[in-house]
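> Need a 3D model of the following:
(4 chains)
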There are 2 protein chains.
Amino acid sequence: MPQGRPMRADARRNYERLLTVAAEAFAEHGENASLDDIAKRAGVGAGTLYRHFPTRQDLLEAAYVDRMQAMADRAGEFAARLPPGEALTEWLHEVCVGTIQVRGMKALLGSAVSDGGSAADTVCGTRLKDAARRLVEAAQRDGSLRPDIEPIEVLRLAHGVASASELAGGRGHEIRRYLTLLTEGLRPAAGA
Amino acid sequence: MPQGRPMRADARRNYERLLTVAAEAFAEHGENASLDDIAKRAGVGAGTLYRHFPTRQDLLEAAYVDRMQAMADRAGEFAARLPPGEALTEWLHEVCVGTIQVRGMKALLGSAVSDGGSAADTVCGTRLKDAARRLVEAAQRDGSLRPDIEPIEVLRLAHGVASASELAGGRGHEIRRYLTLLTEGLRPAAGA
DNA sequence: ACCTGAACACCGTTCAAGT
DNA sequence: ACCTGAACACCGTTCAAGT
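Residues are numbered from 1 along each chain as shown, chains lettered A, B, ... in the order given. Sure thing, here's the model as predicted:
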């Protein structure tokens, strides 16, 4: 996106208004927020929205790429000040919380880690998986995480924890509780 | 539904064709299958569909109530021939598999165990939770399940496992794998 | 009592016409 | 090069008219 000629001033303005409005709309109404409504609220024609973002997924990703990046960055912070096992757990907790609070983010996480997912190798997905890989590998070297699990699986399971927590009401209490169950299951076998 | 006057012959026929077609459509296209399409394929006007099933949720539940009941019944079979811990695990496995294979069932399970869920106290939901309660309590008495967990939570977590497995491709292999992680987390604490 | 299907509102998507 | 908004197709929902 930063590549290529700079946008014309009006195009750039529309592009950014669309992103702002879309982030609000997806946060409020979830991933199926009305595109027509987003265009209207941004004060542009529907065609303009489609010119910038050919698919809903494109818009969803562009609207949250910064927040996703911020999530990925948090991994480094945890790694710097916590033992590997705890760093992974705390980071996953943030992923779950963020994913539940900002309605649209869960869809984005889902498509980033989904098997045939369209967002599998986008900026969002790649950064998130890189972050997960570092925490996972450190925890495995440390012996606090079972060795037979892959980074992407940890993210899929976090998505599952978020789903279960949502069903329970999505309060912080349940997220922590269900995540703890997961991390206990992720421990290496007792006799290893 | 079985209460009240018997339906007129044409009404009864339409009702049943709608259920058959709806079960197919939800299985194929998921919970958001087109209602208009369902009415057309059943050979009835849209108004007839709404007369019998005022909301999408009503139709979804009616279409799968038998299958849900069958799932609940399986709990008794497992309880009869397996130790409590295994009976619970194997039943949850069937719930996950069924929930993934029949696309609309996952939505139904979700609303049955969701906090403010519309289907929280419907036939489907109640039977499923009763079945879960028996297996959970037996496993807790047996010492193979941590005592601080409730039946509905087990179902929510199964929904989460199904979500994670779907992201991984939904093949039997992943379901079993993720469910195993969950059950290890559900074990009582080592020093208890 | 029940059914039909037209009618309305809404949304996604495309595209000809504008600047 | 980019934008607009009308146009089309589709879907959910209601309701007047039919039997």
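> Indicate the residue of chain A located nearest to DNA strand D.
Using Cβ to the nearest atom of the strand, the closest approach of chain A to DNA strand D is made by residue A:47 at 2.3 Å. C-beta here means a position set from N, CA and C on the backbone, and glycine is covered the same way.
> Any part of stretch A:11-20 near DNA strand D?
Yes. Counting by Cβ under 7 Å from any atom of the strand, contacts between stretch A:11-20 and DNA strand D involve A:11, A:14-15.
> Compare these and tell me which is most surrounded.
In terms of neighbours by other Cβ atoms under 10 Å in any protein chain shown, the residues of stretch A:11-20 next to DNA strand D top out with residue A:14 at 21 neighbours.
> Show the contacting residues for it.
The contact partners of residue A:14, by Cβ atoms under 8 Å, 6 or more residues apart in numbering or on different chains, come to A:42, A:44, A:48, A:52.
> Against residue A:61, how distant is it?
Look at residue A:14 and residue A:61: by Cβ to Cβ, to the nearest Å, they are 18 Å apart.
> what's near enough to touch the closest residue to residue A:122 other than its chain neighbours?
Leaving out its chain neighbours, the residue that sits closest to residue A:122 by Cβ to Cβ, 6 or more residues apart in numbering or on different chains is residue A:61, at 5.8 Å. For residue A:61, the contact set (Cβ under 8 Å, 6+ apart) comprises A:108, A:119, A:122-124.
> Output those in TSV, with secondary structure appended to each entry.
Below are the contacts of residue A:61 laid out as TSV (DSSP: H, G, I helix; E, B strand; the rest coil):
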residue	secondary structure
A:108	helix
A:119	coil
A:122	coil
A:123	helix
A:124	helix
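> Go through the residues you listed and name the one nearest residue B:113.
Taking Cβ to Cβ as the measure, residue B:113 sits nearest to residue A:108 out of the contacts of residue A:61, at 24.7 Å.
> residue boundaries of the helices in chain A?
Ranges of helices in chain A, per DSSP state H, are A:9-29, A:35-42, A:46-52, A:56-81, A:84-101, A:105-113, A:123-142, A:151-167, A:172-186.
> What score does the residue positioned nearest the centre of chain A have for pLDDT?
Central residue check for chain A by Cα atoms, centre = their mean: the C-alpha nearest the mean position is that of residue A:109, 4.0 Å away. What the model reports as pLDDT for residue A:109 is 94.
> and if you look at residue A:191?
Residue A:191 carries a pLDDT score of 45 in this model.
> can you check residue A:45 too?
For residue A:45, the pLDDT comes out at 94.
> Any idea how many residues pack against it?
Residue A:45 has 12 nearby residues by other Cβ under 10 Å.
> Wait, it touches residue A:36, no?
No. Using Cβ atoms under 8 Å, residue A:45 is not in contact with residue A:36; the gap is 10.2 Å.
> For chain A, give the residue positioned nearest to DNA strand C.
Using Cβ to the nearest atom of the strand, the single residue of chain A nearest to DNA strand C is residue A:47, 2.7 Å away.
> what residues does chain A put near DNA strand C?
When proximity is defined by Cβ under 7 Å from any atom of the strand, chain A lies next to DNA strand C at A:32, A:34-37, A:45-47, A:50, A:54-56.
> Next up, the contacts around the nearest residue to residue A:141 once chain neighbours are set aside.
Distances taken as Cβ to Cβ, 6+ apart put residue A:84 closest to residue A:141, at 7.3 Å, once the chain neighbours are dropped. By Cβ under 8 Å, 6+ apart, residue A:84 lies in contact with A:135, A:138-139, A:141-142, A:144-145.
> Can you tell me which residues in chain A are near chain B?
A:110, A:113-117, A:153, A:156-157, A:159-164, A:166-169, A:178, A:180-187, A:190 (Cβ under 8 Å from any Cβ of the partner chain).
> filter those residues to the buried ones?
Buried residues within the residues of chain A next to chain B, counting neighbours by 16 or more other Cβ atoms under 10 Å in any protein chain shown: A:110, A:113-114, A:153, A:156-157, A:159-164, A:166-168, A:178, A:181-187.
> okay, now the domains of chain A?
Listed by automatic domain parsing, the domain ranges of chain A are A:7-54, A:60-186.
> Tell me which of those domains sits most buried.
Among the domains of chain A, domain A:60-186 has the highest mean neighbour count (mean count of other Cβ atoms under 10 Å in any protein chain shown), at a mean of 20.
> And that domain, end to end?
Terminal residues of domain A:60-186 are spaced 31 Å apart (Cα to Cα, to the nearest Å).
> what about that domain, near DNA strand D?
No. Against DNA strand D, domain A:60-186 shows no contacts by Cβ under 7 Å from any atom of the strand, the least distance being 14.3 Å.
> Might you report the residue contacts of residue A:15?
For residue A:15, counting by Cβ under 8 Å, 6+ apart, the contacting residues are A:7, A:52.
> switch to 6 Å and redo it
Residues in contact with residue A:15, defined by Cβ atoms under 6 Å, 6 or more residues apart in numbering or on different chains, are residue A:52.
> next one: residue A:168
Contacts for residue A:168 (Cβ under 6 Å, 6+ apart) come out as A:174, B:156.
> again, but for residue A:180
Applying Cβ under 6 Å, 6+ apart to residue A:180 gives no contacts.
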